[in-house]
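**Student:** Sharing a model prediction with you, sequence too.
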Amino acid sequence: MTVFADIRDLEAMSRKDLLQLWQQVFGGPAPKGLSQSLLRRFLAFELQTRRQGVLSTKVQKALKKDVGAEPKAQTAALKPGGRLLREWNGTTHVVDVTKDGFLWKGETWRSLSAIAREITGAHWSGPRFFSLNGRPRS
């Protein structure tokens, strides 16, 4: 078996042959527990990449585009002193943002999700329930 195995031959190869080819191609043993199907797929991809060369410049730029970019904030930054209002079933709920968490009905809570769960009786994303993530609430 050579490193220049034909990709079409991978389908007929036994697990033992696939593991030997992996050793030749990658210079080390295959990860334990990897199925024959995944061994074939990884080997086929690697062999194809080596034969056809690197990715096109366009694809490389697209892949690098977001590397190192700061993650976009999903929710608004809440600062102590802020106040959230939410009407639910005819009742307006007021939540104050404190340095220790959130104050609702005279009690301090660590998360908005816990408050939303208490208000609705169902699991809710707190930021979504209070419309902090840009999505309309239900």
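**Tutor:** That came in fine, so what should we check first?

**Student:** max-length helix in the protein?
**Tutor:** Ranked by residue count and defined by DSSP state H, the top helix of the chain is helix 36-52.

**Student:** Kindly list the single helix or strand of this structure that scores lowest on mean pLDDT.
**Tutor:** Confidence across the helices and strands of the chain bottoms out at helix 57-64, with a mean of 78, counting by mean pLDDT, DSSP states H and E.

**Student:** what sits up against it?
**Tutor:** Contacts with helix 57-64, where a contact means CB atoms under 8 Å, 6 or more residues apart in numbering, come from 54-55. All C-beta spots, glycine's among them, are computed from the backbone N, C-alpha and C.

**Student:** For Thr108, pull up the helix or strand it's in.
**Tutor:** Assigned by DSSP states H and E, Thr108 belongs to strand 107-109.

**Student:** List the pairing partners of the top strand by length along the chain within its sheet, with orientation.
**Tutor:** As far as residue count goes, and with DSSP state E defining each element, the longest strand of the chain is strand 91-98. Partner strands and pairing direction for strand 91-98 (DSSP bridges) are strand 83-88 (antiparallel), strand 101-104 (antiparallel).

**Student:** Of all the ones you listed, which one is nearest Leu132?
**Tutor:** The closest of these to Leu132 is strand 83-88. By CB to CB, the value is 7.8 Å.
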